[in-house]
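J.: Sequence plus the predicted model coming up.
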Amino acid sequence: MQTSQRADEIILQDRASASGEGQILNVRGSSVAVLTVTGTFSAAVTVESNSNRPGEGWVGMPAISMDTGKSVSTLGPGRYLILCKGVHQLRARIVQWESGEVTVVGRAVDSESGAGAMVAAPETPVPARVAPQTELPSAVTEIGYPAYMVNRNWDVEWINDKAEELIFGRAIRKIPNIEDRHFFKLLFTTPVREMVTDFDAFVNSHLPLIQGDLPIPSRNPILLTLRGESLNWLERIWPKETQKLPPVDCREETLRFRQASVQGYHRVAAIFREGILIIWIPGIVNLNPIVDLLTGRQQVITDLLIHKLPTLQSMAVLVADLQSSVKICADLPPEEYFELITDIWTRLEHPFRQYGGSSGKHIGDGVVRYFLAKRDNATVHTLNALLCADAIRKCMAEIDAAWKTKKNWLNHLVLNMGLHEGREWFGYIPSLPAPEFTALGDTVNIAARLTGVSRNGALWITKQALSSLPSEVMEHIVYGIRRGTGSDEHFLPRTYSRVVDLPEHERIPKAGDIANLAVTEVVRLNAQAIQDYLRISSTAGNK
């Protein structure tokens, strides 16, 4: 069934009504209408008991007293009398309905037969302005209800006009720093309190969605900037336990947004690995088609990421490039070369996902992955990139052995890797045929240049990136510079070198761009010890 958005209203009365006058409203089908009245009066709503024939008494449901601005939201199928008691200005209107037909079919006057008994005047059907049926949008970012997406750090990464207008009262998309778009910070730095009738209920509706992704407010550097009473309030209501939620979590809320006439909403949250999409849908709307739309995970998340707001944030960039790819391509039939490349990237998808590497562009036979910083740990992004690189080397050793058996050749299948970290603008370029993450700045370029320094599957990293790691981690990483060649080669542990001082640096592609950059080779690392460190630090940060 298609759902309808806010209907074009039906005006029932808009004049000074004589005492005892009213109109008869007929509701057919499965309509659920919302009746809103304004003015200075006392109104009554009654429903006919068992007959639609004019002239018979109106009995049954007791009259409902309504004050100015109140509404009745349960007008199911049946015939209703809208009656003004007293000579006052009356404006009664139906402002929303879900389906079916709503019409005004006649005028009613009070009879002398007793309270509540009504006589209908001759019917002159007046066609109602029926709500237009609207189809679901082709993309979730085009939905007409307030909606926004937060990442796992709870930064707003996408928001539509309705949410800015009705909830935040500010253009969130114009806030450049991602730290200032933190959802729980925006609650106190934008007019949300004035925009929402029940601020506490609004905030509490989001708390089950945190799912352990955030530390308590007093340990969150972003929220520590809030005033004391705001921080203390968040601390008191913060969830103590994690609730298990379905992929699409729906909850009814009685709150409303002051700039809208809707009474009550469904808070719908679609939970993805990349973040959480939250939509506020009027309570009278059928949720089934929208839930069906949200279960199409790949289409929804691709649409959201294409429209993701660009952010300036810290990241580690890992670039990996297949060594001797031109020779390998020449050695293999075209179909086998593509089989090999597909095998490599398919196998490597697991470590990319395991360590949170966001997909960047493929450059020829190479690939770029972005590891984004977390605010509760200043080095976790670089450590995840290192762990991913270590896992890549192990995967490539297995692929190399398999293809040596298959082809009985002497080629070595290795990925030469470069790693750097920095702070760059990060986002999607939606005009690409297959949209990918893109970072603007030197961080990606430097990591790519380091793949030219690397040989035989080595991982090279900048001094800036490696020296940022804590001492507890550095003792589990073996790094240094090789000097000499052949039998005279020796390894100098825990040292760095400028690129210009490396052996045969003249053969390094575009070495001039990074000639004075201090770098080193990561020979091996204790992955288990580093993972244990990350687990312990993460647990401590969430206490």
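T.: Arrived safely, thanks for sending.
J.: and Phe338, helix, strand or coil?
T.: Classification of Phe338 by DSSP: H, G, I helix; E, B strand; the rest coil places it in helix.
J.: check contacts around it.
T.: Under the criterion of CB atoms under 8 Å, 6 or more residues apart in numbering, Phe338 has no contact partners. Yep, even glycine has a C-beta here, placed from its N, CA and C like the rest.
J.: where's it relative to Trp403, distance?
T.: Separation of Phe338 from Trp403 (CB to CB, to the nearest Å) stands at 14 Å.
J.: What are the boundaries of the helices in this structure?
T.: With DSSP state H applied, the chain shows helices at 161-163, 183-189, 192-195, 199-206, 228-237, 288-294, 297-306, 325-331, 334-354, 380-407, 442-453, 463-466, 471-474, 527-541, listed in chain order.
J.: between these, which one is nearest to Gly418?
T.: With CB to CB as the criterion, Gly418 lies closest to helix 442-453 of the helices of the chain, at 2.6 Å.
J.: helices or strands next to that closest one in the packing?
T.: In terms of contacts (3 or more CB pairs under 8 Å, 6 or more residues apart in numbering; DSSP states H and E), helix 442-453 is packed against strand 311-322, strand 366-372, strand 415-428, strand 459-462.
J.: ok, Ile392 to Val380 distance?
T.: With the distance defined as CB to CB, Ile392 ends up 18 Å from Val380.
J.: the more surrounded of those two?
T.: The neighbour count for Ile392 versus Val380, taken as other CB atoms under 10 Å, is higher for Ile392 (26 against 22).
J.: check contacts around the more buried one.
T.: 320, 348, 351, 415, 417.
J.: Please report phi then psi for Asn153.
T.: Asn153 adopts backbone torsions of phi -90, psi 0, taken as degrees, to the nearest 10.
J.: Hmm, it is touching Ile210, no?
T.: No. Assessed by CB atoms under 8 Å, Asn153 is found out of contact with Ile210, at 10.9 Å.
J.: between these two, who's got more neighbours?
T.: Of the pair Asn153 and Ile210, Asn153 is the one with more neighbours under other CB under 10 Å, namely 22 against 18.
J.: Nearest to Asn288, out of the helices and strands packed on helix 442-453?
T.: In terms of CB to CB, the element of the helices and strands packed on helix 442-453 nearest to Asn288 is strand 415-428, at 30.3 Å.
J.: ok, the closest one: who's next to it in the sheet?
T.: Taking DSSP bridges as the criterion, strand 415-428 forms sheet pairs with strand 311-322 (antiparallel), strand 437-440 (antiparallel), strand 459-462 (parallel).
J.: mean confidence for that strand?
T.: Looking at strand 415-428 alone, the average pLDDT works out to 89.
J.: do stretch 331-347 as well
T.: Rounded to a whole number, the mean pLDDT of stretch 331-347 is 93.
J.: Which parts of the chain belong to which domain?
T.: Here the domain assignment for the chain is 10-120, 140-309, 312-541, based on automatic domain parsing.
J.: which stretch in the ones you listed is the model least sure about?
T.: For those, mean pLDDT drops lowest on domain 10-120, to a mean of 46.
J.: neighbours around Arg236, how many?
T.: By the criterion of other CB under 10 Å, Arg236 has 8 neighbours.
J.: residue contacts, it?
T.: Contacts for Arg236 (CB under 8 Å, 6+ apart) come out as none.
J.: where's it relative to Gln243, distance?
T.: Using CB to CB, which is the criterion applied here, Arg236 is 18 Å from Gln243.
J.: what's the answer for Leu410, then?
T.: Here the criterion is CB to CB. By it, Leu410 lies 57 Å from Gln243.
J.: Neighbour count: the two, which is higher?
T.: Each of Leu410 and Gln243 has its neighbours counted (other CB under 10 Å); Gln243 has more, 11 against 7.
J.: quick one, what contacts the nearest residue to the more buried one once chain neighbours are set aside?
T.: Beyond its immediate neighbours in the sequence, the residue positioned closest to Gln243 (CB to CB, 6 or more residues apart in numbering) is Pro208, lying 4.8 Å away. Applying CB under 8 Å, 6+ apart, one finds that Pro208 lies in contact with 239, 243, 245, 249.
J.: Now that we have those residues, which of them are buried?
T.: Buried subset of the contacts of Pro208 (neighbour count, 16 or more other CB atoms under 10 Å): Asp249.
J.: hang on, isn't Phe437 packed against Gly427?
T.: Yes. In this structure, Phe437 is within contact of Gly427 by CB under 8 Å, at 7.3 Å.
J.: Next up, the contacts around Ile164.
T.: Just so we're on the same page, residue 164 is Glu rather than Ile. Counting by CB under 8 Å, 6+ apart, Glu164 touches 170-173.
J.: now the residues you listed in JSON lines, with distance to Ala465 and neighbour count?
T.: Compiled in JSON lines, those are given as follows (distance: CB to CB, whole Å; neighbours: other CB atoms under 10 Å):
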{"residue": "Arg170", "distance to Ala465": "36", "neighbour count": "16"}
{"residue": "Ala171", "distance to Ala465": "35", "neighbour count": "12"}
{"residue": "Ile172", "distance to Ala465": "32", "neighbour count": "20"}
{"residue": "Arg173", "distance to Ala465": "31", "neighbour count": "16"}
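J.: From those residues, pick the one nearest Arg256.
T.: For the contacts of Glu164, the minimum distance to Arg256 (CB to CB) is 19.2 Å, reached by Arg170.
J.: State the distance from the closest one to Glu194.
T.: Using CB to CB, we find Arg170 at a distance of 11 Å from Glu194.
J.: Please list all residues in contact with the residue lying closest to Ile341 once chain neighbours are set aside.
T.: Once its chain neighbours are removed from consideration, Ile341 has its nearest residue in Asp365; the separation is 6.7 Å (CB to CB, 6+ apart). Contacts here follow CB under 8 Å, 6+ apart; on that basis Asp365 touches 321-322, 325, 341.
J.: Mind giving me the ChimeraX command for buried ones among these?
T.: In ChimeraX, a selection of the buried entries from those looks like this (16+ other CB under 10 Å):
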select :321,322,325,341
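J.: between the contacts of Asp365, which is closest to Asp488?
T.: Nearest to Asp488 among these, with distances taken as CB to CB, is Asp321, at 28.2 Å.
J.: now the closest one: how far from Asp365?
T.: Using CB to CB, we find Asp321 at a distance of 6 Å from Asp365.
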